[in-house]
Structure formats: structure tokens, C-alpha cells
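1. Provide a 3D model corresponding to the input given below.
(chains A and B)
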Protein chains: 2
Amino acid sequence: MRHELDYIFRPSSVAVIGASTQKGTIGRETLHNILTAEFNGKVFPVNPKAPVIHSIKSYSTVLDVPDAVDLAIVIVPKTAVKEVVQQCGEKGVKGLVVISAGFSETGHEGRLAEIEIVDICHKYGMRLIGPNCFGVVNTDPGVNLNATFGKTFPKIGNVGHITQSGAMGEAIMSQAKELGIGFSMIASIGNKADISVNDILLYMKDDPRTDVILLYVENFGNPRHFTQIAREISRVKPIVAVKSGRTKLGAKAASSHTGALADVDVGVDALFEQTGVMRVDTVEELFDVAVALSNQPVPKGNRVVVVTNAGGPGILATDALVNNGLDMPQFSSSTIKELKKFSAANASFANPMDMVAGARGLQFRLTLEAVEKDDRYDTIMPIFVPPITIDQMDVAVNIHAALEKTEKTVLSCFFGAGEGSKAMEYLKGHGIPVYIFPEAIAKTLGTISRYRQWLDKPVGKVRTYKVDAEKVQKIIDRNLKGQDGAIVGEQAIEILNAYGIPAAGYRFAATAKEAAEVAGEIGYPVVMKVNTPAILHKTELKAVIVDLRSDKEVRNAFQELQKRVGKLKRGEKFTVAMQKMLQGGVEVVIGMTTVPSFGPLMMFGLGGIYVEVMKDVAFRINPLTDENAKEMIRSLKSYPLLTGFRGAEPVDVALIEETLLRLSQLVRDFDVISEIDINPFICSPERNNCKAVDARFIITQLPAKHK
Amino acid sequence: MRHELDYIFRPSSVAVIGASTQKGTIGRETLHNILTAEFNGKVFPVNPKAPVIHSIKSYSTVLDVPDAVDLAIVIVPKTAVKEVVQQCGEKGVKGLVVISAGFSETGHEGRLAEIEIVDICHKYGMRLIGPNCFGVVNTDPGVNLNATFGKTFPKIGNVGHITQSGAMGEAIMSQAKELGIGFSMIASIGNKADISVNDILLYMKDDPRTDVILLYVENFGNPRHFTQIAREISRVKPIVAVKSGRTKLGAKAASSHTGALADVDVGVDALFEQTGVMRVDTVEELFDVAVALSNQPVPKGNRVVVVTNAGGPGILATDALVNNGLDMPQFSSSTIKELKKFSAANASFANPMDMVAGARGLQFRLTLEAVEKDDRYDTIMPIFVPPITIDQMDVAVNIHAALEKTEKTVLSCFFGAGEGSKAMEYLKGHGIPVYIFPEAIAKTLGTISRYRQWLDKPVGKVRTYKVDAEKVQKIIDRNLKGQDGAIVGEQAIEILNAYGIPAAGYRFAATAKEAAEVAGEIGYPVVMKVNTPAILHKTELKAVIVDLRSDKEVRNAFQELQKRVGKLKRGEKFTVAMQKMLQGGVEVVIGMTTVPSFGPLMMFGLGGIYVEVMKDVAFRINPLTDENAKEMIRSLKSYPLLTGFRGAEPVDVALIEETLLRLSQLVRDFDVISEIDINPFICSPERNNCKAVDARFIITQLPAKHK
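-> The predicted structure follows:
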């Protein structure tokens, strides 16, 4: 059975509705491109005003076309789109690419018009790309479909490209051609009214001609779905993405730490981090990575050898490689022995290997052959600076001859040689990417290396523990009676306990005497904090006093806190909450915030200052796997504080992992929980002394939105 | 009087020693270039083997040249250089450019040969560029000197370029030409045997044709001198530098915190930071910044307006601008009113201003004219994505027409338009830089914006306090008797006191009873730490116990520390040092380390963990100005902890500044001090409670090296 997207990317017949005779119009250029690319099927121009277009018989409407039509390209004015789509439905067309603009991108009215069109598609079982798109391309020689209106014919290759920006389609294609990037398929998906990034990703995953997928996206329709799909595809084919449009995620007031901290691009970053998708910052880097991946294998490791005829670029390369996390081990002794046979006496015999300025093609070949045999390297980086006295083509031919059979990754640099050099074309034509600047190679290798590390990681499991979900439901119901609101204090502690998360209970006191009695019972030292009135950030108002060691200190502290709080509202009574002070521990913060369209983001960081001032905090999209939990903790700069900094005993990190996973389960089980702050959670060397000290849940009764 | 470098950059006559008849050799190409560039003076080829070269009479030696010779270009084999230089001296030549290689870059022997040559130059009062260089260029139409052997003739312009890498000279010139960067002068300085970066910087500072200076350097000969010169020149002309060769600064063991932390590129970063030199990471960025600065004014502020015909690049630009620290304020209401007169109804009327895809030249012109009048912006960034239906040249002409008289900075982007576009050439030819990707503009503006902020800063003063230097000298002499070594404990505290830096004294105890007595005298709470045996990182061995509040706690602590230390060496006696515990303070670390060739680097950071785990630490080259001290403190991520985090009282930051400046003076006064660690220094809200608690000085008796 044919895949439903085959009707769009591998059609037997195409109707071009809105084909035009006038040069420079989209209707004319699209038809022209389909014909020029020698599409392997039938083409039917449709235009009621012209009987012949581009030497082909034209039809008034798609209904008049005598044959079956798989795909219709729609280029009519926006007001005519609805009628045309209706006719396509009646005709039995299977797929639509609507290039016409003027729909949801223009506002509310356009949005309504778009919905009408999609409804017609659903009624007739048609799938639709667009509207407001640049078209589609399939370079498969058995298809030869270029249904775009651009001037550039993409080169044939193994890169699948999905782009959300129609206006950038042509620009990206022309730039790619200059760089020698070849495409298997291109899909400009426009407003994504029906077919989404996810649909096309799945289609490209199964396309045998596509080895690498490039994404240009401005927003995610369904990031949860994307997470699942991308995670799966990344295992098989690398995905590289420029995600633009980094919006401030929600302008919600900083009512909780976790919420305020997530107010950056963390959702998108976490999404890419967890799915293995390589995120790059610029379109230029997208191309740089694409050239490497579409021509060369993913390096097996981080170890790079640089072979150059000039010191300067060798140093630039070394700096950039090290800064991008690559390693540059020195040669094995047998390699040095081999190199000494033919190298200039003043060559460096070190990595980077500077063969000095006189080096010609032969020198490059011998040196590259020698280092190729050295199993200390995963990637070989020849750098050539063309002095006038040396023939560039001779060097290119020899670089290729030395490395054509290697299983190592090869990325070369012709420093400043200019785009037009024939020698560079020679290498590109033989599958060896050439860059102008060594720093671009270093950045590219850094990006690909992070992908390889992701591939090497265990897949990870989502854990399910035995918990008391019913009890949590009861606490929520009892406290909020179906309303939105917060759950704090003892109730919040109970929720944690129900999910097996250790939490210290509170004792309360309303007088200094009572406080002293409580302290005597729970044992010194104790912590005392203001309980009523409720205060959000307790340290800000100095509403907490720690390490009270005697009856006298407890009484004084009670009076001091009462003084600090000052006059109370009528009906309020001052009380304090008390806990045994947990000693020798490290304070961490564990939380969750809900980001529109991303769903719950889990958060982990150390103590208030590390999180709030140093911004040293990790986010992951829920559900967390055990590997995600491990990574979150270990990704922090402050992680060494948990593992025994300067002779301190290491804390029970496994318990923190488990706590994150139990919290993740709680978040999965209760859509109504929109924010969680466990702050602080005390981690100690002994499991029994690890405890949540304070917690806070925000409940938002909008389960439908989050499901 | 002529400047001595005028004989090199503005000579009346040039001898080309080693001129050759053979195409493709350096000797031939250099002579060819001088002639082709129509040098405005006399040229004398020198070659004993050829009577005529390139149609010009040639001489056997420079001594045979009938006229006076200002400049000799030396291209003979390395073994002949010495003799040739000697002859130049005898002839009365004023300047030499030695292109010949094989000197200090090849090792010890070459180094000796180089010294011989320099000695001859000094003897005859000749100045020398090189050896091992690419040559020099002066595009002044009154000079027209291109004494290089490259194929590329640089475009005339206002950029002065100093490069250390000879091999990269040609590559850089060819790349620059493609990008439309024009040069006033180029100096390839090679091994810098005589004339240094600093010499040429000063020369270019006074050159009226040079507006921007580009530096490619691998190391600094005399960074202290460079600091002074660059600081001065940056005020007048912007300097942009790629500094490569980021070496690990010294492999010294981590014997002190400050030393270990400086083991990165901090010296160079501090140097650029303090001198206003724009440091870029790659050669590509060097060009990007050069294009902007050589054609456009430094923006007056950070505010950018983006005008585009496509949403995608507008979003990319916005992301990149914000990430590079630029602002994108919205339009004033009068601008919106103006824009509405002619814009498409579905245009955005927001910054970035998306005029939508149909926008042509006229639309660009009207829109740019409107935003140009809006005083909310300092920089205007037109972005054009060329769809097939729109004439690129029409857009270019209109962008120029709209902005030719603006005082704002204009940097434009023709997204993906390819290097060859005529429209782009038009804009470049009219002084409006054009970039292929908007992200490159954002990065460029970010770099320039940091430079402008540096320009806007007060210049700062080096302070001198009344101190007791004599006392410090006595302490050093008494402790070390002219030897290298460390000064710690009470003696170190005395040094601080002599320079007016508040420091807490110690009290010592050898028994638990004695400790309790001392505690009673200095008042509770107290801190106790191991005094003998000497232990470097006290927290690591848990050799400190804080917050002891009673006689009993003090006795227990003494015994506990004694237990922790364990068995002592024969002749050692266990003692503790005690201080009153300073409460409510923030611990900071103040230090200095000496970096080879950079001299003393001052250091500041918060507490042990912030410095050591979070690497949140600031370095500056000594001497510090008061502005440097201010900046160092404020540049820390953890700075908010000093200014009253969460309701805490702010500490006395002015005292920390003064402490840094007093320490800077101590470092100026005593070359023998090679490292200082004040750790911790307690900062409190009250000046009387701000105190150094522990300090350590390393003395290295090598004053000559550091002078």
C-alpha cells in the first residue's frame, strides 16, 4: 500500500492549479520548474483563462482533467482557494500543496478560512501541505519533482530538508547549492494547517535516500509528539535544527522559583537535549553541519588530528577544537617514526602537525597516510593555506588519494581559498567537505560530537513506583474543592510522603514557652520559621532562624521572629513552624513548572543562591527517564558539592535521582498540578537524613489543556 | 622630521635584494607586485646573476645601486641574509623588510642568526621588519607600495592590518578582497626581531588614512607595553584582534587558588578587556567587524531596528540581537502613524518590522525613511530575502537612497543572496556593508557595542595610599633572608596591616584549657583552626571548626582537631589558631598571581566554592585603576550576594574596592611578591567587621624578570 504522503512526494500526476503564462509569476515559475526538472509523470496546467500554457493543454478546472490526479499544486488567489480545494475533493485528488498565502499568518479571518479548507480536505480524505509555503521537491531520479517557484534547482543528494519559512526557501536552496549540499527531499510546510513537521519527519525516516534531516522551525505544533518522534528518529538518522523564535516562555509573574527560572529558552533546549536533535544557532552552522554529515561518517570519538602547511591556522584550529570539547592527542611513537622518514627536519611532529610552508601534494599525502594509520584519532583535519608557489589542485588530489579509503571522518580546510577554487570543487566532488575557516570545522565537530555522545548513552527507562495516588487526590480535593490554588505546609508534605518522597514534618508553636517545649521534644538543634502570617520567600524577610541549640536560644528566636513580622492583620495569630535541623547536608531545590505547549518541565538545582543568583539549574521535559535524572544532577556546575567537595562526605545522590523520578511520576499522574517547588530538599550522606523541608504545589484545574 | 618607519612604509626608493627572473618565485613576484602597483619611487632590483630583471637594470649588490636606498626588501636564501644586511648598513639603507625565512622560528641556531642580523641593524641605525614575513603594503596613492609576494592586490581603504602569520598573509588578503575590505597599510611582522606590533600600532595611530586597526597575533612580545599603547589608541581608533595560541598559562602546580584559576586564557582576556581592544574568536568575525567599522560609525547605543520583507530572518535576527546584548525597542507612536500611511494592512508595525513578502524597493525606502527619523534607534538593519518576483537592484538602490544621509549605523543583510550579487556590490560600493546571514550582524554589533561601552566608561585612576612599605620590606627580609619562600600566618597579617588592609589577628593555644582561656578573652563565638602542623587547604582536612559558642564547645573542638590531625612528626607540637567569628559576613577571596610575560594578575571572587567550583572569578592586569576594581567586583555572577541578597544587609563594597587598590599598590611596590592569597576576606555591612582572616604571600627573588 502506498503511504499517504507518497501522493505528494511521489505522485503519478500533478495538476498545477493557477498555472500562468506570465513570466516571473509564481504560477508560471512553478509549472516551468516541474517541466524543466523532467518530472516522471503527467502534468496538467489548470487555468480557465489560458487554453495552452508552456506548450501544454490547459484545463478550466481540475474537474476537467481527463486523468486521475494524485497531487494538486494550488497557486490561485486566496479568495479562490476554497472553491479549488472543493473541486480537488470532488475530483478525487489525494494530496494538495497550497502555495497561496493570506491565511492564518494574517490573523483571525485568515485562520477561519484555513480551517474551512482543512475541513474540506478531511471530508475528502486529502492531505494538505501549506498554505503559505514554497512547495516541495523530490530529487529521486524516478520522480524528479520540483514543485517550487524558486530559481535554484537543488543538487541531488541525501539531505532531507523541512522548512517552516516559505520566504526563506529560495534563499536556503541557493545558499546550499553554493556549498555543494545535495537534497533528497525538500518540504516547505508553511502554516502547517494539516501536515506537520512530525508527519514529514516520519516519512523521511523511512525514505532510503535520506541520510540526514535539516529542520528550520519557528514553533512546534505538538512538542510532546515531536519529542517522541525525534528521539526515535535520531537513533537512525541525524537531525539538525535551527529553532528560531525563542520567545519568553510565558510572562507569568515569578510566583515560584521554578517558574521564574524557566522563563528562558530552556524548554526548547531540554527538548533538543533529550531527543538527540542537534540544535545550531545560525543557518550558517546548519549548513556546516549538513555538509559534514551528508558526506562523512559520524566520528567514532572526540580525537582529532590536524595536518597543516602553516602554523597560524593550526593554532586557530587547536584553540577552536579544544574550546568545542574535542581532544588532540599526540602521535604514537610509530607514527612519529614513520613521519620522520620523509618530513622536513623542522616539521613539528606534534598534533597539530605543521609540515612547514614548502609542503606540496606529495608531502600532504605521505603525512596523511601516516596519521590515518594511527588509531589514536577519529577525525582527520587537513588544513591547506595556499601560497603562490604551490599548486592547489595537486594538494587536493593528494589529500583525496591519501584518505579516500579511510573509515575515519575527514573534514578539510582550504584557508581563505575563496568559494570558486577548482581544487575545493575537486574535494567536494569526491565527498571530502572543504571549509574556508578551521573554526567552522571545530564548531561542526563539537555539535556532531554531542550527538554521538547522545547516541552512546543508554536509552533510559521511565520508572513507576508503588505510590498512594488516591491519598494525593484526596488532599487536593479536600484543600481546593475543585478550585485553583496552592497547597503548602503540612498538606504539601503529605503529598510528598504519599509518593514515597522523604519529607520532614513540622511542629508548630504559638508561644515562646510552647516553642521551647517542642524543641525539647524533637531534639536540638532546631530550625524555626514564621508559619503565620504566610510569607513566600522566607529568607527575604529573615523569617527563618537556624541552628538553635538551647531552650534559651529558642525562646529568644521566637520573640525575635515575632518582632520582625510586626503587627498582624486582625484575626491572625503569630505562630512558628519548627523542625529538627539536619546537619552536614546540602540544600537542593527540586521543582516543576508547566510551559505552554511544552507541558511539564522538571527542574533541579542546588540551594537558593546557586539556583537564583548563579542560574545553575537543569531542566528536562517530563516524563523523566532514569538517565535523564542522572544527567540533570550531573550537568550542574555545582555538582561537585554533592560528591564530597574538599573532604566532605558525599551525599546520597541515588536518593535525589529517585526523588526526581518519583516526582516525575506524580506529575504524570496529576495533570492538575501545574507547579511544584520543593525548597529546600536536604541531601545528606545518610539516606535517613535526606528530606524535603518545605514544599508548595500549584493546582490548575484545566486538565484538558494539559492532556 | 620623518618618522623612522616612514622609510619602510613611505620610501622614496626600494632595493629588491634577491629579485628573480623566474615566475612563481618570491623574488620575482615581489618585484612584479611593486612594479604593477606603480610604486611612486625608484625601484632597484639586486641580483648578481641577472643584469636585467622585469625590463629593469639589476645590480650585483646593494652597494652598486647609484642612488640612495630608503628600503631594502630581502628575499635571499637564509645563509646570505647576514651579508646582505651588512651591505645595506654600509650603503646607508634606512629600513629592511626581510621576507627570507629560516630564523628564530626554526629553533636555537636560527635564533642566533637572527640576533646577529638585529645587531647589525642596531649598529647602522636601520629598522627591520621580519624576518619570515609576507611583506608590507601602503595603498596611499602618493606611495603605492605593495612589497608582498601574494597574488591579491588589496583594495584601497581605511583599514590598517598587522599580522604575525606570514603564511596567512595571502589567504587573509584574498578573503578580505572578496568581502570588499579596503586597506590603508598592511604589515606582516613575522618573527618581530626588531619592529614589534607595538611599534606599528603607534605608527598607524598617527596615520590619517587609517581608521580601524586589525590585529592577528599569536603572542605578545611585551604585553605590559602593549596594554599601555592599546589603551591609548583604542580611545582614538578601534582595534580588533584575533589572538590565537591560547596556551595554558604556566603548568605550575595548583599551590594556590589564584594561581590555579589563572591557568586559562584569563591573562589575554583581561588585557583586551582593560584596553578596549575588541577580541574576536575567528578570522571570519574579524572580517565581519572590520567591514562594519571601516564603513559605518560606531553606534551611539544598543538599540537596533530591523526592517525585513520576510518573517523568518526577522526572527533569526531578533534572537541573535537579544543574545548578543542588543535592545530592540518598539516604534514611537508617530513612526507607527507614518508607517500606516503606506504599509500593507497585514504588516507587523512592530520591531522587527515585517513588511511582508510583496515589499519592493519603494516599500523599503518609505519604511526605512520612517524608522530613520525615530530617535529610539541607533542602528538600522534592513534584511532582504530575494524572492524571484522582486528586483534585487531596485531594493539595493532604495535602501541606499533612504539611508545615505543618516547618522545612524546601517548594516544590511541580503539573506542567502550569494557573494556575486550585483545588488550587494552596489550597496558595498556605497558604504553600506552587506552580510549573508543576520546572525553575523548581531555578533558584530555585540562586539562593537562592548567597545562603545568601554569608550563610555570613565578612564579611571591608579590610587596611591599612605602605607608602610618599609615595614613590609623588613618582614620579607626577616622571614626569607633573600631566599624564595612563603610568608603565612601572623607575618602575612602584618604585611596586610602595613598597607592599611584590615586583618584579624590570631591567638594561639597549645592545650584545650589554654584554648578555652583565649576564647574567653576574645569573646564568643570563635573559630578554631589547626596551626601546627601547617596545612594548605584547611577545609579539605576539616582542619577548621567554626561558631564555637561555649567553653565546653571550645575544649571539645581542640580535642577533635587534635584527633583529626593524628600523629605528629617528631619535634612538632600541636597548636591551634583562634579568631573571633565574624558574623553576618560574606567570604571573598582576593589574590594575585604572576603570569609569565603578563606580569601580575589581580584576582577577586566570592568564597571558596564560588571561586573553585563555580569558577566565578574576575582577573585584571595590574596596575588596577579604581574603575578596574569596581568592574572586577561587579562583573561576578555572584555579585548580588554582596549587595543584599534576599533582604540581607549589603556589605561594604567600597572597602573591597579599596582593599583591591591597596593590594595593587603593594604589588606595584614589591616585585618580589609573585603570589598572594587572601582567603577568606570577610565582608560585612559594617566597615569595622570587614577583615582578612588568612593570607599567604609567595616571594620569588627575581626582581629583574618582573621589572
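2. and residue A:85, what does it touch?
-> Residues near residue A:85 by CB atoms under 8 Å, 6 or more residues apart in numbering or on different chains: A:74, A:96, A:98, A:117, A:120-121, A:126, A:128. The way it works is simple: take the backbone N, C-alpha and C, and place the C-beta from them, glycine included.
3. Return the distance of the closest residue to residue A:190 other than its chain neighbours relative to residue A:168.
-> Leaving out its chain neighbours, the residue that sits closest to residue A:190 by CB to CB, 6 or more residues apart in numbering or on different chains is residue A:133, at 3.1 Å. Distance, residue A:133 to residue A:168, using CB to CB, to the nearest Å: 11 Å.
4. And the two? Which one has more around it.
-> residue A:133 (27 against 23; other CB atoms under 10 Å in any protein chain shown).
5. secondary structure class for that one?
-> coil (DSSP: H, G, I helix; E, B strand; the rest coil).
6. Mind checking what helix or strand follows the longest helix along chain A in sequence?
-> Taking DSSP state H as the criterion, chain A has its longest helix at helix A:438-456. For helix A:438-456, the succeeding helix or strand toward the C-terminus, using DSSP states H and E, is helix A:469-480.
7. Which strands or helices does that next one pack on?
-> Secondary-structure packing of helix A:469-480 (3 or more CB pairs under 8 Å, 6 or more residues apart in numbering or on different chains; DSSP states H and E): strand A:485-488, helix A:489-498, helix A:653-669.
8. That helix: how far from the chain's middle?
-> Its chain's average C-alpha position is 36 Å from that of helix A:469-480, according to CA atoms, centre = their mean, to the nearest Å.
9. rewinding a little: tell me the buried residues in the longest helix of chain A?
-> Of the residues in helix A:438-456, A:438-452, A:454 count as buried by neighbour count, 16 or more other CB atoms under 10 Å in any protein chain shown.
10. What average pLDDT does stretch A:421-435 get?
-> Mean per-residue pLDDT for stretch A:421-435: 92.
11. Between the two ends of that stretch, how far is it?
-> Start-to-end span of stretch A:421-435 (CA to CA, to the nearest Å) is 12 Å.
12. ok, now stretch A:50-58?
-> 7 Å.
13. hmm, back to that, which one of the buried residues of helix A:438-456 is nearest residue B:145?
-> Of all the buried residues of helix A:438-456, residue B:145 sits closest to residue A:438, with 31.1 Å by CB to CB.
14. distance of the closest one from residue A:90?
-> 60 Å.
15. how close does residue A:169 sit to residue B:443?
-> From residue A:169 to residue B:443 the distance is 25 Å (CB to CB).
16. I meant residue A:525, not that one.
-> Using CB to CB, residue A:525 is found at 53 Å from residue B:443.
17. on that earlier part again, what pLDDT is listed against the residue nearest to residue A:190?
-> 92.
18. residue contacts, it?
-> A:97-99, A:166, A:169, A:188-191.
19. List buried residues within these.
-> A:97-99, A:166, A:169, A:188-191.
20. hey, C-alpha coordinates of the longest helix of chain A in PDB?
-> C-alpha atoms of helix A:438-456 as PDB (Å, rounded to 0.1, in the frame of the first residue of the first chain):
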ATOM      1  CA  PRO A 438      39.100  26.000  10.600                       C
ATOM      2  CA  GLU A 439      36.900  27.300  13.400                       C
ATOM      3  CA  ALA A 440      33.800  26.300  11.400                       C
ATOM      4  CA  ILE A 441      35.100  22.700  11.400                       C
ATOM      5  CA  ALA A 442      35.700  22.800  15.100                       C
ATOM      6  CA  LYS A 443      32.200  24.000  15.800                       C
ATOM      7  CA  THR A 444      30.700  21.400  13.500                       C
ATOM      8  CA  LEU A 445      32.700  18.600  15.200                       C
ATOM      9  CA  GLY A 446      31.600  19.900  18.600                       C
ATOM     10  CA  THR A 447      27.900  19.700  17.500                       C
ATOM     11  CA  ILE A 448      28.300  16.300  16.000                       C
ATOM     12  CA  SER A 449      30.300  15.100  19.000                       C
ATOM     13  CA  ARG A 450      27.400  15.900  21.300                       C
ATOM     14  CA  TYR A 451      25.100  13.900  19.100                       C
ATOM     15  CA  ARG A 452      27.400  11.000  19.200                       C
ATOM     16  CA  GLN A 453      27.600  11.200  23.000                       C
ATOM     17  CA  TRP A 454      23.800  11.100  23.000                       C
ATOM     18  CA  LEU A 455      23.800   8.000  20.700                       C
ATOM     19  CA  ASP A 456      26.300   6.300  23.100                       C
END
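21. How about residues contacting that helix?
-> Here helix A:438-456 has contacts from A:234-235, A:238, A:240, A:276, A:278, A:280, A:285, A:288-289, A:291-293, A:298-302, A:304, A:306, A:313, A:316-317, A:320-321, A:323-326, A:379, A:381, A:383, A:411, A:413, A:415, A:435, B:281-284, using CB under 8 Å, 6+ apart.
22. which residues does residue A:16 contact?
-> A:27, A:30-31, A:34, A:43-46, A:72-73, A:75, A:147.
23. tell me the SS of it?
-> strand.
24. what's the pLDDT at it?
-> pLDDT at residue A:16 comes out at 97.
25. Then residue A:417?
-> 69.
26. Same question for residue A:391.
-> According to the prediction, residue A:391 has pLDDT 85.
27. Residue A:264 now?
-> 44.
28. can you give me the offset of the longest helix of chain A from its chain's centre?
-> With CA atoms, centre = their mean, you get 15 Å for helix A:438-456.
29. what's the answer for stretch A:637-651, then?
-> Worked out by CA atoms, centre = their mean, stretch A:637-651 lies 30 Å from the chain centre.
30. that older thread, which among the buried residues of helix A:438-456 gets closest to chain B?
-> The shortest approach to chain B among the buried residues of helix A:438-456 belongs to residue A:439, at 4.0 Å (CB to the nearest CB).
31. So is stretch A:514-534 next to chain B?
-> No - counting by CB under 8 Å from any CB of the partner chain, chain B is not contacted by stretch A:514-534; separation bottoms out at 11.1 Å.
32. How about stretch A:626-645?
-> Yes - counting by CB under 8 Å from any CB, chain B has neighbours in stretch A:626-645: A:637-638, A:640-641, A:645.
33. cool, and stretch A:171-182?
-> Yes - Stretch A:171-182 is in contact with chain B by CB under 8 Å from any CB, via A:171-172, A:174-175, A:178.
34. which stretches of the stretch 51-200 of chain A aren't confidently modelled?
-> A:167 (pLDDT under 70).
35. Please repeat the previous calculation with a cut-off of 80.
-> Residue ranges of the stretch 51-200 of chain A with pLDDT under 80: A:165-172, A:174, A:178.
36. and the nearest residue in space to residue A:383 that is not next to it in sequence, bridged to which residues?
-> Once flanking residues are discounted, residue A:383 sits nearest to residue A:308: 3.9 Å by CB to CB, 6+ apart. Counting by DSSP bridges, residue A:308 is bridged to residue A:354, residue A:383.
37. Name all residues that make contact with residue A:308.
-> Per CB under 8 Å, 6+ apart, neighbours of residue A:308: A:314, A:317, A:352-355, A:382-385.
38. Identify whichever of the helices and strands packed on helix A:469-480 lies nearest to residue A:469.
-> Once the helices and strands packed on helix A:469-480 are compared by CB to CB, helix A:653-669 is nearest, at 5.3 Å.
39. Point out the other elements, helices or strands, that that closest one touches.
-> Applying 3+ CB pairs under 8 Å, 6+ apart, one finds that helix A:653-669 contacts helix A:469-480, strand A:586-595, strand A:599-606, helix A:626-634, strand A:673-683.
40. JSON lines for these, including mean pLDDT?
-> Converted to JSON lines, those look like this (pLDDT from 0 to 100):
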{"stretch": "helix A:469-480", "mean pLDDT": "93"}
{"stretch": "strand A:586-595", "mean pLDDT": "88"}
{"stretch": "strand A:599-606", "mean pLDDT": "89"}
{"stretch": "helix A:626-634", "mean pLDDT": "94"}
{"stretch": "strand A:673-683", "mean pLDDT": "91"}
